[in-house]
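[1] I'll drop the sequence and a predicted model, then ask my questions.
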Amino acid sequence: MGNDKEYQADRRKFLVSMGLAGAATIAAPALKTMAADSSTVWAEEHEIVIIGSGFSGLAAAIEAKKLGAKDVVVYDKMPYFGGNSTYNGGLFAVPNSPLQKEKGIKDSPEIMAADQLKAGRGVADKELLLHVAEHAGEALQMSLDAGSEYFPYLQQLGGHSVPRTYQTTVASGGGIIRPLVEQCRKIGVKLVTRAKFDTLIFDDDGKVIGAKMLMGHYFGRDQEGTPMNIKTKRGILVATGGFARNINLRQAQDPTLTEEVTSTNPPSATGEALLEMFKIGAIPVHMAYIQTGPWASPDEDGFGYVSNYSIYNFAHSISIYIKTGKRFMNEIADRKTRADAQLSCRDDNGDPLPPITITSYIHAKEHPTMKKVLKYGVGWKFETIEEVAARFNVPLEPLKAQIKEYNGYVKSGVDEQFGKPMEKAKGKFIEAPFVVVRNWPKVHYCQGGVKIDVQARVINSADWKPIPGLYAAGEVTGGVHGVSRLGSCSIPDCMVMGMTAARTIMKS
Ligand SMILES: Cc1cc2nc3c(=O)[nH]c(=O)nc-3n(C[C@H](O)[C@H](O)[C@H](O)COP(=O)(O)OP(=O)(O)OC[C@H]3O[C@@H](n4cnc5c(N)ncnc54)[C@H](O)[C@@H]3O)c2cc1C
């Protein structure tokens, strides 16, 4: 503890030398970090302050209230709630779930964490993965209690060894966010939009005791907002999501992720709160691991309709390299494996040649997104394979031979080409008529962020101890998933770590 005090005293001395201590009432300090003193004017005080209204922020608010918190406020910089979580596909991985038990699927938190560790190329945080998997059922229950509805079947997404993924009946994270927002309102959580977090404020002991917010902020318009210092009694949870839409920050990690590489994320995913935490000593982890989604389409903006359509259909479809008419990947490998394989599909000049994914119409139509894909012209129906080959300029005979070969794997249950698990393809032969979409990866998820411990406390680079009063959950945290996150594993991560943060804060 003595060392802690010394370090915090040194940090305060440093800030004083920078002319920053006592700068809480200055509108635009040169370096934004702020130390509070007697001149600090507090506009409001709340028991718990949560920044960000996605899965992690809302789950934390509900859990805190459940544990007896009287005064919880959630701020969001946008004019609406939910961030990435609303855009989300509503796919939610839960091991040992009621549906798995009903369908006789053997699973466990250990098996789910092992799948994630494998996709993360071994550098994921095993302790956090296990913690999330062990509590994922509680998060699912929180959403059900709030009123979320799920399809009565499970999907097996790429990289998962068994079917364990629920999906909301609206095939969107909105099917979770809307009920959580309603639940927050019902139990008296204060929800504030257009409130942008700007700066953390700490006391003489280095404890985070408040935040400078810009109220009435208007994202994307020239309206920064009115500065207000908000004090907290118990702590601040930063739940501000990833930085996929911050081109400078993502290019600083990976120069190939230029402006031309589009993203599935909403414009709010800019990561400034992350940088703010780095400033006060939080540890950056895995910032260069930025995931691209292999189910996205070059024929529409953002996540669009094709992503959800492909996620559901890949298990019983074939992806074809247009130049050869042959498959080039396991259609349900982990995301990185598939995105890398797709990015290698090039024409003779080295330009992108997005592969096509062919699904039998009879199976494609089982998912509600197919209608939208066809309606909005981002996928097409064909009566014969000859039509498919002609439309996309694929060599016909190799394509026919590939389909015949693949249908043999459907029959035998063993994919001798790419080792794809064929359980979900059972009996689903590739037969006319067909639905075809094109796929090309888009920036989707940031595995990097601040280091937290299993209690959602933000760890300090100076002494490897938690920064007092500061907690983080969700995509703003780093290192949980390693090199590549498995699909449907962010919802459990965000909600469980939000709930965990609330439990830790309420014990503090
Ligand atoms: C299109 C799409 C589909 C996806 N589908 C799935 C899926 O099906 N299953 C799955 O598991 N994962 C999926 N993901 C990933 C998952 O949705 C995200 O990782 C998750 O929503 C992140 O939640 P969060 O709570 O960490 O942050 P977010 O949901 O992004 O919320 C962060 C909030 O913080 C606010 N904010 C940011 N900065 C500030 C600031 N300075 N001040 C105040 N507020 C701020 C933002 O406006 C935002 O509302 C998908 C992602 C996308 C983009």
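    Noted; the coordinates are in hand.

[2] G427: neighbouring residues, count only.
    A total of 8 residues lie near G427 under the criterion other CB atoms under 10 Å. C-beta coordinates here come from the backbone N, C-alpha and C atoms, glycine included.

[3] who's in contact with it?
    With contact set as CB atoms under 8 Å, 6 or more residues apart in numbering, G427 has these partners: V410.

[4] shift numbering so it begins at 515
    Okay, residue one is now 515; in that scheme the one you just asked about reads as G941.

[5] phi and psi next, for it.
    Dihedral angles of G941 (phi, psi; degrees, to the nearest 10) stand at phi 70, psi 0.

[6] kindly report the same for R971.
    Residue torsions, per degrees, to the nearest 10, at R971 are phi -90, psi 140.

[7] and if you look at R860?
    Main-chain torsions, R860, degrees, to the nearest 10: phi -130, psi 160.

[8] any idea of the pLDDT on the closest residue in space to it that isn't next to it in sequence?
    Leaving aside its sequence neighbours, R860 sits nearest to L867 (CB to CB, 6 or more residues apart in numbering; 5.6 Å). In this prediction, L867 carries a pLDDT score of 95.

[9] next, count neighbours for L867.
    A count of neighbours around L867, defined by other CB under 10 Å, yields 20.

[10] so the nearest residue to Y920 once chain neighbours are set aside versus the ligand, what's the distance?
    Counting by CB to CB, 6+ apart, the nearest residue to Y920 once its immediate chain neighbours are dropped is I832, at 5.3 Å. For I832, the distance to the ligand (CB to the nearest ligand atom, to the nearest Å) stands at 23 Å.

[11] tell me what I832 is bridged to.
    Taking DSSP bridges, one obtains I872 as the residues bridged to I832.

[12] that one contacts I917, doesn't it?
    Yes. At 7.0 Å, I832 counts as touching I917 under the criterion of CB atoms under 8 Å.

[13] between these two, which one's more packed in?
    When I832 and I917 are compared for neighbours, I832 comes out ahead with 26 against 22, by other CB under 10 Å.

[14] just the pLDDT for the more buried one.
    At I832, the pLDDT recorded in the model is 98.

[15] ok, now which ones touch it?
    R841, E845, T871, I872, Q916, I917, Y920, I944.

[16] mind redoing it with 7 Å?
    I832 is in contact with R841, E845, I872, Q916, Y920, I944, counting by CB atoms under 7 Å, 6 or more residues apart in numbering.

[17] what do you get for F948?
    Applying CB under 7 Å, 6+ apart, the residues near F948 are I872, T873, S874, Y875, F896, V902.

[18] what bridges to it?
    S874, F896.

[19] now do it against P912, distance only.
    Distance, F948 to P912, by CB to CB, to the nearest Å: 16 Å.

[20] hang on, the earlier thing: measure the residue nearest to R860 to the ligand for me?
    Taken as CB to the nearest ligand atom, the spacing of L867 relative to the ligand amounts to 24 Å.

[21] that residue touches K837, doesn't it?
    Yes. Under the criterion of CB atoms under 7 Å, L867 is in contact with K837, at a separation of 6.5 Å.

[22] what do the two both touch?
    Among the neighbours of L867, none is also in contact with K837 (CB under 7 Å, 6+ apart).

[23] any part of the lengthiest helix in the chain near the ligand?
    As far as residue count goes, and with DSSP state H defining each element, the longest helix of the chain is helix 640-660. No. Applying CB under 6 Å from any ligand atom, one finds helix 640-660 separated from the ligand by no less than 10.5 Å.

[24] centre of the chain to that helix, how far?
    Using CA atoms, centre = their mean, to the nearest Å, the distance from the centre of helix 640-660 to the centre of the chain it belongs to is 15 Å.

[25] list the buried residues for that helix?
    For helix 640-660, the buried set under the neighbour-count rule, 16 or more other CB atoms under 10 Å, comprises 642-651, 653-654, 656-657, 660.

[26] check the burial of whatever residue of the stretch 615-764 of the chain ends up closest to the ligand by counting its neighbours.
    The nearest approach of the stretch 615-764 of the chain to the ligand comes at G755, 2.5 Å away (CB to the nearest ligand atom). Residue neighbour count, defined by other CB under 10 Å, stands at 32 for G755.

[27] gap between it and G988?
    Using CB to CB, which is the criterion applied here, G755 is 6 Å from G988.

[28] need the residues touching each of those two.
    Common neighbours of G755 and G988 (criterion: CB under 7 Å, 6+ apart): G568.

[29] helices along the stretch 865-1014 of the chain, start to end?
    Taking DSSP state H, counting those that start in this stretch as the criterion, the stretch 865-1014 of the chain carries its helices at 875-878, 883-889, 899-906, 910-926, 1004-1021.
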